[in-house]
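predicted model, plus sequence, below.
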Amino acid sequence: MDVKTVCLGMLTDGEASGYDLKKHFESSFGHFFSAGYGSIYPALASLAANGLVNCECIPQNGKPDRKVYSITPAGRDVLLAELDKPNPSHKVRSEFLATICFAHLMTADQLATVLNNRIAEIESYEKLFDKFEHTRMHETPHGMHFTVGIGRALILAMKKYIQENGHELQGHSAAAANF
């Protein structure tokens, strides 16, 4: 599933600006699907050009017009066709894991910093999930509840693994190997 399709899905909840969608990506989708303005705005432009979303320009005082998007019936049809695919891929792109692949080239301090930063990021996701569960859980579809549950399970498993096994990397770092 690409950014355009996810934007269509988000717009089924109601109209939104690119800024609103970015915030949604950061909060509800942040643990499994990232998208920045550099991909959201071109996706919205393409969707609008293809008649899959409508765009309303709302004037603002002293600022550029605010563009608010809404899904069209054709956009909903495209979204439903995408959701009909029975085997969506599960791809993980992790800069953390890519970095850890080269732990043997890092100093012990560098490695400790990377592991500690990952634990801190996991703890921020835990807080995000807690906030979501306490404030928005009643207003979201069951699929989002399931996604948050999987997200929590994955990050807690990663946290536990790092805490229990991170020390094994220390003996193989560049400092230990006199790199």
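On my side now, so go ahead. Residues are numbered from 1 along each chain as shown.

quick check: mean pLDDT across the helix ranked longest in the chain?
Secondary structure of the chain per DSSP state H: the longest helix is helix 108-135. For helix 108-135, mean pLDDT rounds to 89.

that helix - contacts with which helices or strands?
helix 95-100, helix 142-165, helix 167-170 (3 or more C-beta pairs under 8 Å, 6 or more residues apart in numbering; DSSP states H and E). Using the backbone N, CA and C atoms, a C-beta is placed for each residue, glycine as well.

for L80, which of the ones you listed is the nearest?
Proximity to L80 (C-beta to C-beta) singles out helix 142-165 among these, at 14.1 Å.

the domain parsing of the protein - what is it?
With domains defined by automatic domain parsing, the chain comprises 3-83, 95-170.

before we move on, back to that, how far does the longest helix of the chain sit from the chain's center?
Offset of helix 108-135 from its chain centre (C-alpha atoms, centre = their mean, to the nearest Å): 14 Å.

stretch 101-121 too?
So, by C-alpha atoms, centre = their mean, the centroid of stretch 101-121 is 22 Å from its chain's centroid.

same question, stretch 85-99
11 Å.

for stretch 52-72, same thing?
24 Å.

tabulate the CA atom coordinates of that stretch in PDB.
Extracted in PDB, the C-alpha atoms of stretch 52-72 (Å, rounded to 0.1, in the frame of the first residue of the first chain):
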ATOM      1  CA  LEU A  52     -10.100  10.600  -6.400                       C
ATOM      2  CA  VAL A  53     -10.200  13.500  -4.000                       C
ATOM      3  CA  ASN A  54     -11.700  17.000  -4.100                       C
ATOM      4  CA  CYS A  55      -9.700  20.000  -2.900                       C
ATOM      5  CA  GLU A  56     -11.200  23.100  -1.400                       C
ATOM      6  CA  CYS A  57      -9.000  26.200  -1.000                       C
ATOM      7  CA  ILE A  58      -9.900  28.100   2.200                       C
ATOM      8  CA  PRO A  59      -8.500  31.600   2.400                       C
ATOM      9  CA  GLN A  60      -6.600  32.500   5.500                       C
ATOM     10  CA  ASN A  61      -5.500  36.000   6.700                       C
ATOM     11  CA  GLY A  62      -1.800  36.600   6.100                       C
ATOM     12  CA  LYS A  63      -1.200  32.900   5.100                       C
ATOM     13  CA  PRO A  64      -1.500  30.900   2.000                       C
ATOM     14  CA  ASP A  65      -4.900  29.300   1.300                       C
ATOM     15  CA  ARG A  66      -5.500  26.100   3.300                       C
ATOM     16  CA  LYS A  67      -6.200  23.200   1.100                       C
ATOM     17  CA  VAL A  68      -8.700  20.800   2.500                       C
ATOM     18  CA  TYR A  69      -9.200  17.400   0.800                       C
ATOM     19  CA  SER A  70     -12.200  15.000   0.800                       C
ATOM     20  CA  ILE A  71     -12.500  11.600  -0.800                       C
ATOM     21  CA  THR A  72     -14.700  11.300  -3.900                       C
END
